[in-house]
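Asker: output the structure for:
(4 chains)
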Number of protein chains: 2
Amino acid sequence: MGRGKIEIKRIENSTNRQVTFSKRRNGIIKKAREISVLCDAQVSVVIFSSSGKMSEYCSPSTTLPKLLEKYQQNSGKKLWDAKHENLSAEIDRIKKENDNMQIELRHMKGEDLNSLHPKELIPIEEALQNGLTVVRDKQMDYLRMMKKNVCSIHRGDCWRRRTSN
Amino acid sequence: MGRGKIEIKRIENSTNRQVTFSKRRNGIIKKAREISVLCDAQVSVVIFSSSGKMSEYCSPSTTLPKLLEKYQQNSGKKLWDAKHENLSAEIDRIKKENDNMQIELRHMKGEDLNSLHPKELIPIEEALQNGLTVVRDKQMDYLRMMKKNVCSIHRGDCWRRRTSN
DNA sequence: CGGTCTATGTATAAGTT
DNA sequence: TAACTTATACATAGACC
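Answerer: The predicted structure is shown next:
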């Protein structure tokens, strides 16, 4: 419908594609508005351009949620229950991760050890020993640092450095 | 677009209305298909006739749930109810719990300690020391138990108990 | 990006079967 | 009813701004 006939296949020239998109999108939304008035129909149109820009139309006698509710009843297809299931699945996944971590943490604190085999105690003991070593090293570092600072203050290093020069 | 011009207002003759509905619905869906091919767009059309009959189109590169998800992100409008928000909130809550545990666990393993104040190292050291004590006690118990069992076997305790009586 | 113009292709209102 | 026909209104490709 225009100066030349076009094939219905992806328009390669991106400028043309964008222009055609705008025109046709307006056309579709106009048609949607018309059919809803002429024929007393409930219509919803949602369009995303390839660049992600969204356009929508929904006939005035309804709302998108209402229409989608009707859609589900009519088609039997689930639109957001599927979403529910996804969320529920993610909750399960995270909870499991949570439980595992909690168990590990309890073991590190010496709790719930009775269910473990003697062999399983070994890596825990090692982890604890390692953690303790690292923490104590860190504490030693702090102590050394503080001692050094105290000595500096006693010797007046800071003061002298700041004022001299 | 036909033999006569028509005003865009409800068609009172119900036969005409039904005929016009069918024709225009087909037209809209054809246009939707065309724009999705020509312009690489994602399109969803849902139409209910006044008699309740449903028609739909969704471009092949997507699904209605996916499109609606995008719609929500894009428009900020919520299409589904509180149930989702509850689930989302729970996910957030559990994830936070998860993060906290992960941090605690890392600290117990001697990781990420640099961000802590010296004071914060103390409870960690205590927890590690305590855990280590408990784990080692448990290991001692096992050792003692095994030793006892070995002695019993040597003395034939088990055998006698099982066969006698 | 928008909007305007115009030749031409399409959709469709109304008529016919 | 639905399917087919056809005259006409409308949509739009391409060009320009």
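Asker: just want the angle from the lengthiest strand in chain A to strand B:42-48.
Answerer: Counting residues, the longest strand found in chain A (DSSP state E) is strand A:42-48. For strand A:42-48 against strand B:42-48, the angle by axes from the mean of the first three to the mean of the last three CA atoms, to 10 degrees is 180 degrees.
Asker: how far off centre is whichever helix or strand comes after strand A:42-48?
Answerer: Counting by DSSP states H and E, the element after strand A:42-48 in chain order, helix or strand, is strand A:54-58. Offset of strand A:54-58 from its chain centre (CA atoms, centre = their mean, to the nearest Å): 25 Å.
Asker: same question for strand A:54-58, mean pLDDT?
Answerer: The average pLDDT within strand A:54-58 is 95.
Asker: got a list of contacts for it?
Answerer: The contact list for strand A:54-58 (CB atoms under 8 Å, 6 or more residues apart in numbering or on different chains) reads A:25, A:29, A:32-33, A:43-49, A:64, A:67, B:70-71, B:74-75. Where you see a C-beta, it was placed from the backbone N, CA and C, and this is true even at glycine.
Asker: ok, is it in contact with DNA strand C or not?
Answerer: No. Against DNA strand C, strand A:54-58 shows no contacts by CB under 7 Å from any atom of the strand, the least distance being 9.8 Å.
Asker: also stretch A:6-25?
Answerer: Yes. Against DNA strand C, stretch A:6-25 shows contacts by CB under 7 Å from any atom of the strand at A:18-19, A:22.
Asker: who wins for neighbours among those?
Answerer: Using other CB atoms under 10 Å in any protein chain shown as the neighbour test, the residues of stretch A:6-25 next to DNA strand C are led by A:Gln18, with 16 neighbours.
Asker: check that one and give its pLDDT.
Answerer: 92.
Asker: where are the low-confidence patches of chain A?
Answerer: Applying pLDDT under 70 to chain A picks out residues A:150-165.
Asker: DNA strand D contacts on that one?
Answerer: Counting by CB under 7 Å from any atom of the strand, chain A sits next to DNA strand D at A:1-4, A:6, A:16, A:19-20, A:23-24, A:26-28, A:30-31.
Asker: okay, angle between the helix or strand containing A:Ala89 and helix B:82-108 too, please.
Answerer: Using DSSP H and E, A:Ala89 falls within helix A:81-108. Counting by the same axes, to 10 degrees, helix A:81-108 lies at 20 degrees to helix B:82-108.
Asker: buried subset of the residues of chain A next to DNA strand D?
Answerer: Taking 16 or more other CB atoms under 10 Å in any protein chain shown as the criterion, what is buried in the residues of chain A next to DNA strand D is A:20, A:24, A:28, A:31.
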